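Undergrad: Okay, here's the prediction I keep looking at, along with the sequence it came from:
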Amino acid sequence: MGTDDSDRSRSDSRTPEDETITNTDFRSESTESDVSEDLPDSTHPEDISESTTTTEESAQSIEDMLLEFDDEEGLIRDRSLLDPNYVVEEDRIVGRDEQLQEVTKMLRVALGDNRPPNLFLYGPSGTGKSLITKAVCNNISRICDSRDIQFGTIEVNCQDLDTLGVAVYELVQQAADEANVDIQVPKHGVATKEKWDELYRIVNENFDSVVFVLDELDMLVGRRDKQEPAFSRLLYQLSRAGANNELSAHVSVVAISNDTKMMDAVGSRAVSSFTPEDVHFDDYDANQLQSILRRREDAFYEDVVDDDVIPLAAAFAAQTHGDARKAIDLIRVAGELAEREGDTRVREEHVRAAQAKVEKNRVLEVVRGISTQKKLCLYATAAVAAETDTGAARSTTGYRVYQFLTEAIDADQYHQETYVNKMKELTTYSLVDFERRSHGPSSGMFLEFQFAERPDTILETLREDSRLEMVSEDEVQSVVKAQIRNQT
Ligand SMILES: Nc1ncnc2c1ncn2[C@@H]1O[C@H](COP(=O)(O)OP(=O)(O)OP(=O)(O)O)[C@@H](O)[C@H]1O
């Protein structure tokens with residue numbers, strides 16, 4: 001039986017377990033042969049002058065090419081409108097009136113001499129949580145400027161922060177940037193307490209009111225040997241400092257998460273000091289996504305986007321859970337593909353090509369960093385989801401297919417509980433989600449997994465792993481079908 005790999009990070013793609021059962025891995029788009037073909041062979045002296053001329057020639061032609069592109073108009077006029085981090089003007093925000101109103105009402109307290117409440121914004125990715133927070137904070141900041149109130153927004157994305165100490169230092173950096181001051185503690189080799197003190201110093205010396213925005217907070221798990229997850233300790237410290245006198249400025253903490261159950265994992269002492277107001281963000285439907293895209297159509301030059309481009313991009317993005325980031329990405333990538341092909345218009349075919357590329361990249365990003373055991377669990381579950389009408393896969397059925405796969409490639413086989421845990425861990429990548437279900441009062445519980453991308457794309461990407469490629473697709477499919485028939 002293999003060891004549990006539950007605390008491997010996304011970037012930690014090589015594990016002993018991987019090494020024993022995987023011999024090739026997912027490849028990036030450029031292959032070794034691409035590179036070697038381009039290398040000049042200059043090992044002989046007589047080759048040198050020739051290779052110099054070649055370099056000069058190619059430098060010349062690069063310059064020509066650059067100037068040529070300079071002359072070309074392209075199709076995209078304003079790339080910032082297609083950048084997911086760009087905070088668009090209010091009139092481009094669609095379908096979030098309720099959330100906009102709620103967040104504004106709660107945070108506007110910062111305009112007076114009071115502490116705004118803490119907030120917990122939750123919902124699937126790309127549903128406007130960060131956008132609404134930033135838009136409201138930008139407006140508050142503008143009004144505060146005119147009233148001579150020192151207001152600051154200190155925002156961190158917790159996705160790539162490993163420990164509490166790293167997170168606190170990131171807050172210090174963001175606070176220093178916002179206040180335009182220097183940091184007085186080193187990044188490494190000091191206790192986390194000193195970093196907290198530095199954060200309090202910067203905030204107290206520079207602001208009357210501060211909103212801390214902790215995006216993707218549930219990703220800040222921290223070290224496994226700690227009883228309480230790092231996000232819980234961060235919430236506790238920040239909200240306690242706000243309520244006590246450690247921070248003289250008025251402090252509000254906005255926690256943002258895709259995980260609706262994140263607050264269940266927050267420890268009791270953090271809950272009692274954090275006590276947020278909840279704001280829920282639900283999925284966008286295809287019509288809302290179309291409206292969002294329509295208001296960004298001027299990112300392109302006038303009349304270069306075919307009529308069916310926006311409805312198709314919206315429909316693709318709505319297929320999963322209505323992610324506006326995905327919809328915007330699709331028209332950006334479609335536009336870039338059209339530009340690269342030298343086309344004069346963005347067409348439906350560009351959106352289809354963009355959809356394939358965006359989906360595959362997202363899946364690749366996730367599967368690159370996971371162990372082979374997780375790949376097997378994911379493959380088995382996606383294979384089941386690909387065959388059901390609802391696109392959902394039961395854990396009980398997925399486990400049987402997992403058993404078949406492990407036998408087929410002669411890999412370690414875990415118990416069902418471990419399979420379920422590995423699948424649950426994969427939910428942190430927003431690729432898969434689950435709900436608890438039961439067949440009826442007298443029968444047992446199972447989890448039902450649902451994918452955020454088409455299961456076929458996941459299977460196709462995973463098959464790039466040589467060990468999974470070895471297993472016949474038809475055989476997997478017939479095992480899956482037989483198991484689905486046995487479900488009821
Ligand atoms: N209602 C909306 N109107 C216009 N654009 C939107 C809307 N909602 C989201 N977007 C755009 O979609 C992209 C993703 O939005 P945002 O970053 O706010 O999502 P999020 O819910 O915070 O997602 P995540 O949880 O993945 O961080 C951004 O480019 C944002 O401008």
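TA: That came through fine. Numbers count the residues shown, from 1 in each chain.
Undergrad: how about the residues of the stretch 151-300 of the chain near the ligand?
TA: By Cβ under 6 Å from any ligand atom, the residues of the stretch 151-300 of the chain that approach the ligand are 215-216, 258, 281, 292. Where C-beta positions appear, they are placed from N, C-alpha and C, glycine not excepted.
Undergrad: Out of those, name the ones that lie in helices.
TA: Among these, the members falling in helices (DSSP state H) are residue 292.
Undergrad: Weed out the non-buried ones from the residues of the stretch 151-300 of the chain next to the ligand.
TA: Neighbour-count burial (16 or more other Cβ atoms under 10 Å) applied to those gives 215-216, 258, 281, 292.
Undergrad: In a markdown table, list the residues you listed along with pLDDT.
TA: Listed next are those as a markdown table, based on pLDDT from 0 to 100:
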| residue | pLDDT |
| --- | --- |
| 215 | 93 |
| 216 | 89 |
| 258 | 84 |
| 281 | 94 |
| 292 | 97 |
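Undergrad: which other residues reach the host helix or strand of residue 272?
TA: Assessed by DSSP states H and E, residue 272 sits inside helix 268-274. Residues outside helix 268-274 that contact it (Cβ atoms under 8 Å, 6 or more residues apart in numbering): 118, 228, 232-233, 235-236, 239-240, 243, 253, 255, 263, 266.
Undergrad: Return the distance of residue 460 relative to residue 382.
TA: To residue 382, residue 460 is 10 Å away according to Cβ to Cβ, to the nearest Å.
Undergrad: okay, the two: which has more neighbours?
TA: Set residue 460 next to residue 382 and count neighbours by other Cβ atoms under 10 Å: residue 382 wins out with 29 against 16.
Undergrad: I'd say the more buried one and residue 393 touch.
TA: Yes: if you go by Cβ atoms under 8 Å, residue 382 and residue 393 touch, sitting 7.3 Å apart.
Undergrad: so what sits against both of these two?
TA: Shared contacts of residue 382 and residue 393 (Cβ under 8 Å, 6+ apart): residue 455.
Undergrad: For the closest residue to residue 95 other than its chain neighbours, give me its contacts.
TA: Closest residue to residue 95 apart from its sequence neighbours, by Cβ to Cβ, 6 or more residues apart in numbering: residue 288 at 4.1 Å. Applying Cβ under 8 Å, 6+ apart, we find residue 288 in contact with 94-95, 322.
Undergrad: can you rerun that using 10 Å?
TA: Contact analysis of residue 288 by Cβ atoms under 10 Å, 6 or more residues apart in numbering lists 94-96, 127, 314, 318, 322, 324, 327.
Undergrad: Report the separation between residue 222 and residue 428.
TA: Taken as Cβ to Cβ, the span from residue 222 to residue 428 is 14 Å.
Undergrad: One more: residue 194?
TA: With distances taken as Cβ to Cβ, residue 194 is found 30 Å from residue 428.
Undergrad: re the thing from before, so residue 222 and residue 428 - more neighbours on which side?
TA: residue 222 (20 against 17).
Undergrad: Could you pull up phi and psi at the nearest residue to the more buried one once chain neighbours are set aside?
TA: For residue 222, ignoring the flanking residues on the chain, the nearest one in space by Cβ to Cβ, 6+ apart is residue 230 at 2.7 Å. Backbone geometry at residue 230, expressed as degrees, to the nearest 10, gives phi -60, psi -40.
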